[in-house]
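Chemist: Let me see the structure of the following:
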Amino acid sequence: MELAPFWWADAVRPPDLVTTDRLPAETDVLIVGAGFTGLHAAREIALAGEMSVVVIDAVGVGGGASSVNGGMVNYGLKAGAADVFEKFGPRLGREFWDLSLESIDHVERVVTAEGIDCNFIRPGSAALGFTDRDLRRFRAQQAWMAEKIEFPVEVHGPDTVRSVVDSPLFHAAKVERVGAGLQPAKYVFGLGAAVARRGVTIVEGARAKAIDRRTGGFTVATSVGSIEAGQVLMATNGYTEATPSKALRRRVIPVGSYIVVTEPLPHDLAVSLIPDDRMCWTHRRFLNYFRRTHDDRMLMGGRQNLSTTLDLAESARILEARTLEVFPQLADHAFEYSWSGRLGVTFDLMPHIGRLDGAWYALGYGGHGVGIASLVGSHVGKLIAGTSSRSAFAEIPHPIRPYYRERTWFLPFAAPLYRTLDRMGR
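Modeler: Have a look, this model is predicted:
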């Protein structure tokens, strides 16, 4: 088994992804992070045509979660829709819901406009439950969604759930038809090539070390030199470190997510397992998510214990066993890849756009980053370029906690609680 992302082996870096190891002396906008957020922001600023843009990344284009996630572009935010309505009221609640749907449309538009070949499909998704309690929850959610946001979903019980996923494990499913899937490494490489064609400078292997505010802008020290910038955007999400900003690190919690992928399956078998090719996840705090890849592999991902440092061989054993629980039909098929990435979670489970000492930031996608990071990146890019005057993601308070500064010391205590609540079906 390869302890590396399947997506990397499957994607060819575009020849027109022009980058440089030489940092310019100055720029109008410096973006730290060459993932979905940073590249979409860079694209919007470049489209406006008034500012020079430099994007730096400690590793390279897609060096964080943007090239290693599950490739699912689904509705909603990490915070549940009903919770968002209750917390922020019906006006903002509805706007956040509509933005979650807009994020899927946004990805599709950009993929089409930029000619990005990333195996984009739009088959919808399925949330899967294990018990009668899950079935009742799905039916209650179906009624709420129909009444409050006019969003149709189908609920399947034990008699029909295997038409959604051919597994003996599930008792219920909640199905919708707007969600999408793609090959994330191809997507982020295509974005990088698109912004490079529009004149954006991308510097790989450049780690931001310090951001100092000065009159009229910032001086940013990096591992390959310093640069003067009129504006700065931190777009590092789950890879945000205390350097260069301890204050920003306090606003996001990195959480590990792990994935395994099988060998290519016989097409008829792959189709029988997930007949409509939907993006799937389990209705649990420690959820699993799974899907067919474009070449008929089965991908299984999940949060093992919230840690970002779980051994990949151990993770593979856990996820292989889980895959065979869900699909015992795969007992004779090999697993070929195991890898991990970090998602970024905020204390209110919401994405945020904000400013710290004048520098912009955008983060907090909670596992919905393919779509939401793309849209939030677009929003913050328009705010910086002056082509938009507002974003709902910039209009809500961003909570912090006094007990969290740099170390996620509380996650090992949270994990057993979440597992217990999952076993209880709570």
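Chemist: could you list every residue that touches the residue nearest to the spatial centre of the chain?
Modeler: In the chain, the residue lying closest to the centroid (C-alpha atoms, centre = their mean) is residue 369, at 2.0 Å. Contact analysis of residue 369 by C-beta atoms under 8 Å, 6 or more residues apart in numbering lists 36, 65-66, 69, 237, 343-344. For every residue, glycine as well, the C-beta is placed using N, CA and C.
Chemist: Verify the assumption that residue 361 is located in a helix.
Modeler: No. Applying DSSP: H, G, I helix; E, B strand; the rest coil, one finds residue 361 to be strand, outside a helix.
Chemist: Can you name the residues bridging to it?
Modeler: When bridges are called by DSSP bridges, residue 361 pairs up with residue 234, residue 354.
Chemist: can you pull out the strands in the stretch 101-250 of the chain?
Modeler: Taking DSSP state E, counting those that start in this stretch as the criterion, the stretch 101-250 of the chain carries its strands at 125-129, 154-156, 172-176, 180-181, 201-204, 208-214, 217-222, 225-234.
Chemist: Out of these, the one nearest residue 18 is which?
Modeler: strand 201-204 (7.2 Å; C-beta to C-beta).
Chemist: contacts for the closest one?
Modeler: So strand 201-204 is contacted by 17-24, 27, 34, 52-57, 59-61, 63, 192, 195-196, 222, 224 (C-beta under 8 Å, 6+ apart).
Chemist: can you give me the offset of it from its chain's centre?
Modeler: Computed by C-alpha atoms, centre = their mean, to the nearest Å, the chain-centroid distance of strand 201-204 equals 22 Å.
Chemist: for the contacts of residue 369, which one is nearest residue 90?
Modeler: Nearest member of the contacts of residue 369 to residue 90, counting by C-beta to C-beta, is residue 344, at 27.4 Å.
Chemist: Next, that closest one: secondary structure please.
Modeler: Under the three-state scheme (three-state DSSP), residue 344 adopts strand.
Chemist: what's near enough to touch it?
Modeler: Counting by C-beta under 8 Å, 6+ apart, residue 344 makes contact with 237-240, 252-255, 363-366, 369.
Chemist: Please enumerate the helices of the chain.
Modeler: 6-10, 36-48, 81-113, 132-148, 184-197, 246-249, 267-273, 312-326, 369-385, 411-424 (DSSP state H).
Chemist: tell me what the longest one is packed against?
Modeler: Contacts of helix 81-113 with other secondary structure elements, assessed using 3 or more C-beta pairs under 8 Å, 6 or more residues apart in numbering; DSSP states H and E, are made with strand 72-73, helix 132-148, strand 180-181, helix 184-197, helix 369-385.
Chemist: go on, the fifth one?
Modeler: Contacts of helix 184-197 with other secondary structure elements, assessed using 3+ C-beta pairs under 8 Å, 6+ apart, are made with helix 6-10, helix 36-48, helix 81-113, strand 201-204.
Chemist: And the fourth one, by the same measure?
Modeler: Under the contact criterion of 3+ C-beta pairs under 8 Å, 6+ apart, helix 132-148 touches helix 81-113, strand 125-129, strand 154-156, strand 172-176.
Chemist: To residue 232, which of these lies closest?
Modeler: Among these, helix 81-113 comes nearest to residue 232, with 23.7 Å by C-beta to C-beta.
Chemist: now that closest one, how far from the centre of its chain.
Modeler: Helix 81-113 sits 15 Å away from the centroid of its parent chain (C-alpha atoms, centre = their mean).
Chemist: Next: stretch 70-84.
Modeler: The answer for stretch 70-84 is 10 Å, by C-alpha atoms, centre = their mean.
Chemist: Low-confidence stretches in the stretch 151-300 of the chain?
Modeler: For the stretch 151-300 of the chain, the stretches with pLDDT under 70 are 285.
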